[in-house]
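Asker: I'll drop the sequence and a predicted model, then ask my questions.
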There are 2 protein chains.
Amino acid sequence: MASHDIAEKHLATGIAASGPAPDLAAAAALLEMGDRLGVVAHLDSDSPLETGAVAAELDLPEAALVRYLDALESAGIAIREGEGRYRACPDFATVCHQAGYISWTMNANRPFIEHAREFFTDWEKASRTHLRDFREVAVSSQWMGSHAFYPAALDTIIDAKPRKVVDLGAGTCRLLIEVLDAVPGSTGVGLDFAADACRAAELAVAQAGMSERLTVLERSIQSVATDPQMLKDADVIHAGFVFHDMLPEEEDVCDEVLAKCRESLAPGGFLAITDAVPYLRNDRERRFSAAVSYYHGEFMRRRLQTEEQWVERLRAAGFSDVRAVTLAFPTGRLFLAHR
Amino acid sequence: MASHDIAEKHLATGIAASGPAPDLAAAAALLEMGDRLGVVAHLDSDSPLETGAVAAELDLPEAALVRYLDALESAGIAIREGEGRYRACPDFATVCHQAGYISWTMNANRPFIEHAREFFTDWEKASRTHLRDFREVAVSSQWMGSHAFYPAALDTIIDAKPRKVVDLGAGTCRLLIEVLDAVPGSTGVGLDFAADACRAAELAVAQAGMSERLTVLERSIQSVATDPQMLKDADVIHAGFVFHDMLPEEEDVCDEVLAKCRESLAPGGFLAITDAVPYLRNDRERRFSAAVSYYHGEFMRRRLQTEEQWVERLRAAGFSDVRAVTLAFPTGRLFLAHR
């Protein structure tokens, strides 16, 4: 057998072993780089990016921007329309979505990967020292959410045609702006404890021309337990991945916030909670579920609640009709609790 | 339509959009963490790890080690055999292999992702400041290579039943030890410029009981151009991902090393070069190829050679029979050049 025949024998098994890992890794790395450079925000499947204008806006050498976009083009992630004109590939949203999982798990939570030993031996010190970059958490979560949990909550809320919607942990008010845009005459309140998120939200609200309809409140979720005024007569209250931050230390506060949500809802209204449930064992979810659960339990010291615990907790808060909906986001559930 | 029905509608499309990204991300993160902790080296599909002994050896709290292994177990990556006894899942090698792509692209090359702007504007300074961690490059490359390029080269070399094998850029002499183990009476020379790699190689050679048959040389590949003595009468000379380090600055040296390889080979001998070729466009390879090519061109300032350029270069060095073999490693090629 000639030497090249021996070598070639390994091709098929090697390709099968790698599967889609090289593709996903490359896309995630190139998109993260583009996010840091500010280029991803300008990439769109429908309208082309002009390298001259974007290089000037981002203060990047245009030749370097072109080389980056040519790499994306060669990767099949961008399309070159002509000199200095590129647009994103048609499935760009899906490429970003998949990159979000890689980026969140491998990069946004990197302090846990690199410093696990220090968390094991001195958690107090490690948790003060090895902080996550919250912008990286937010960007990767948005990429993950775009197909995996966001559409389910958004559609459910819009379908209810709410007059008033409250988002607890609203971030940049992206969800509320989309709801108010889809439901004429509706109003919203977005609450977040992070000052920079609130400033970004105010800007986005103003740009959407919704300053009269949408109020941004810089406050903690916990504060709702003692001052629930902003919830009054809401038709929908939404909370995405925020309630677990109160567990286990502030379990009483958590339950009080849930009770206040129930009391404040307008007749026919509902609470929609998206959150992670721990250590699922089914084939689809178990691997990602283990990573999410382990990060939360070991490094963030959060106690994720099971589906049953959530349903029980919501019933204990006075909700009568409680449903858990399985989300595409592995280990994620949407809990819908009606008054 | 009830609110939970609306939400559930998104499940199937969301699952299709995510594909295997959550699984791959979770495995890569958990395995990288286990590598940093030293645990991965103890995980085997065939023989169980004892948590007491391993915790003592790695100086880790045993309870924390058990929690980590329980997370791997829940992820389906490890199997719990009993209290304090875990072994790796049967396809552990494949899980590591896939994680290698994520780890190399997203983490080992992270300085390029985070500091692209600085490389664009002051390459000299950035390339001195933002260095890659060579241990991370080596670990992730080994995981990638295990199924994608290593077996093709190894089998080809073993099949030739060489009396003498030389590996240029031998690292820890892993390849040479496997070859010498498979070919009774064969001898080897492993050359590497990195002192720590050579020390690790010497240790591995001694542990394999091959100190009499395998010589470790701490020298650069470039030095072979002027002193090719160690190549004399080799039946196989192997070089994995090292020749491109001489291009473009040391093109003459590269060609001189190739010529010396040809001159030194025993009759019937061959040179086996594994290297990356730039910016392939076929569906299987284009995305990873773009990331590899862009990293090398923009950030490492290496000029990868096309398949045609390699064949031409090897012919110019005097080789008569030159073949390029496609590897499972996307964008990788094995060049087999006979005297």
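Answerer: Yep, that arrived. On a predicted model such as this, the values are computed, not experimentally measured, just so you know.
Asker: which one is the residue of the stretch 201-339 of chain A found nearest chain B nearest to, not counting chain neighbours?
Answerer: Distances from the stretch 201-339 of chain A to chain B, computed as C-beta to the nearest C-beta, single out A:A328 as the nearest residue at 2.3 Å. All C-beta atoms are positioned from the backbone trio N, CA, C, and that covers glycine. Spatial nearest neighbour of A:A328, excluding adjacent residues (C-beta to C-beta, 6 or more residues apart in numbering or on different chains): B:G14 at 2.3 Å.
Asker: Check which helix or strand that neighbour maps to.
Answerer: B:G14 is part of helix B:11-18 when elements are defined by DSSP states H and E.
Asker: And for A:S127?
Answerer: The secondary structure element spanning A:S127 is helix A:123-129 (assigned by DSSP H and E).
Asker: And the next helix or strand after that helix, what does it pack against?
Answerer: Moving toward the C-terminus from helix A:123-129, the first helix or strand encountered (DSSP H and E) is helix A:134-148. In this structure, helix A:134-148 packs against helix A:92-103, helix B:11-18, with contacts taken as 3 or more C-beta pairs under 8 Å, 6 or more residues apart in numbering or on different chains; DSSP states H and E.
Asker: helix or strand right after helix A:134-148?
Answerer: helix A:150-159.
Asker: Off-centre distance for that following helix?
Answerer: Relative to the centre of its chain, helix A:150-159 is centred 15 Å away, using C-alpha atoms, centre = their mean, to the nearest Å.
Asker: and it, what does it pack onto?
Answerer: Other elements packing on helix A:150-159 under the criterion 3+ C-beta pairs under 8 Å, 6+ apart are helix A:174-182, strand A:236-240, strand A:270-276, strand A:332-338, helix B:3-8, helix B:11-18.
Asker: Partner strands of whatever helix or strand comes next after it and their direction?
Answerer: In the C-terminal direction, the helix or strand that comes right after helix A:150-159 (DSSP H and E) is strand A:164-168. Partner strands for strand A:164-168, per DSSP bridges, with pairing direction: strand A:187-192 (parallel), strand A:236-240 (parallel).
Asker: tell me the angle the last one makes with helix A:150-159.
Answerer: Here the directions of strand A:236-240 and helix A:150-159 differ by 170 degrees (axes from the mean of the first three to the mean of the last three C-alpha atoms, to 10 degrees).
Asker: cool, and the longest one?
Answerer: Angular relation of strand A:187-192 and helix A:150-159 on a 0 to 180 degree scale: 150 degrees, by the same axes, to 10 degrees.
Asker: Specify the angle between strand A:187-192 and helix A:174-182 in degrees.
Answerer: With the same axes, to 10 degrees defining the directions, strand A:187-192 sits at 170 degrees from helix A:174-182.
Asker: Output strand A:187-192 as CSV, restricted to C-alpha atoms.
Answerer: C-alpha atoms of strand A:187-192 as CSV (Å, rounded to 0.1, in the frame of the first residue of the first chain):
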residue,chain,number,x,y,z
THR,A,187,-47.2,51.1,28.1
GLY,A,188,-44.2,49.6,29.8
VAL,A,189,-41.9,49.8,32.9
GLY,A,190,-38.4,48.4,32.7
LEU,A,191,-36.6,47.9,36.0
ASP,A,192,-32.9,47.1,36.3
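Asker: pLDDT at A:Q142, what is it?
Answerer: The predicted local distance difference test score for A:Q142 is 94.
Asker: got a list of what the residue nearest to it when sequence neighbours are not counted touches?
Answerer: For A:Q142, the nearest residue in space outside its immediate sequence neighbours is A:G100; the separation is 7.2 Å by C-beta to C-beta, 6+ apart. Residues counted as contacts of A:G100 (C-beta atoms under 8 Å, 6 or more residues apart in numbering or on different chains) are A:S140, A:S141, A:Q142, A:W143, A:M144, A:G145, A:S146, B:A21.
Asker: Now the two most distant members of those residues.
Answerer: The distance between the two most remote of the contacts of A:G100 (C-beta to C-beta) is 14.9 Å, for A:Q142 and B:A21.
Asker: and the stretch 151-300 of chain A, which of its residues are near chain B?
Answerer: Neighbours of chain B within the stretch 151-300 of chain A, by C-beta under 8 Å from any C-beta of the partner chain: A:151-153, A:155-156, A:159-160, A:270, A:272, A:279, A:281, A:283-284, A:286-294, A:297-298.
Asker: Could you turn the buried ones of the residues you listed into a ChimeraX selection?
Answerer: Filtering these down to the buried ones (16 or more other C-beta atoms under 10 Å in any protein chain shown) takes a single ChimeraX command:
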select /A:151,152,153,155,156,159,160,270,272,279,284,286,287,288,289,290,291,292,293,294,297,298
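Asker: pLDDT weak spots in chain A?
Answerer: A:1 (pLDDT under 70).
Asker: before we move on, back to that, list just the one of the strands paired with strand A:164-168 that sits closest to A:V257.
Answerer: Taking the strands paired with strand A:164-168 one by one with C-beta to C-beta, strand A:236-240 is closest: 8.7 Å.
Asker: ok now the closest one, how far from the chain's centre?
Answerer: Average the C-alpha atoms of strand A:236-240, do the same for its chain, and the two points are 14 Å apart (C-alpha atoms, centre = their mean).
Asker: Please state the offset of the following helix or strand past it from the chain centre?
Answerer: If you walk from strand A:236-240 toward the C-terminus, the next helix or strand you reach (DSSP H and E) is helix A:251-264. The chain centroid and the centroid of helix A:251-264 are separated by 24 Å, computed with C-alpha atoms, centre = their mean.
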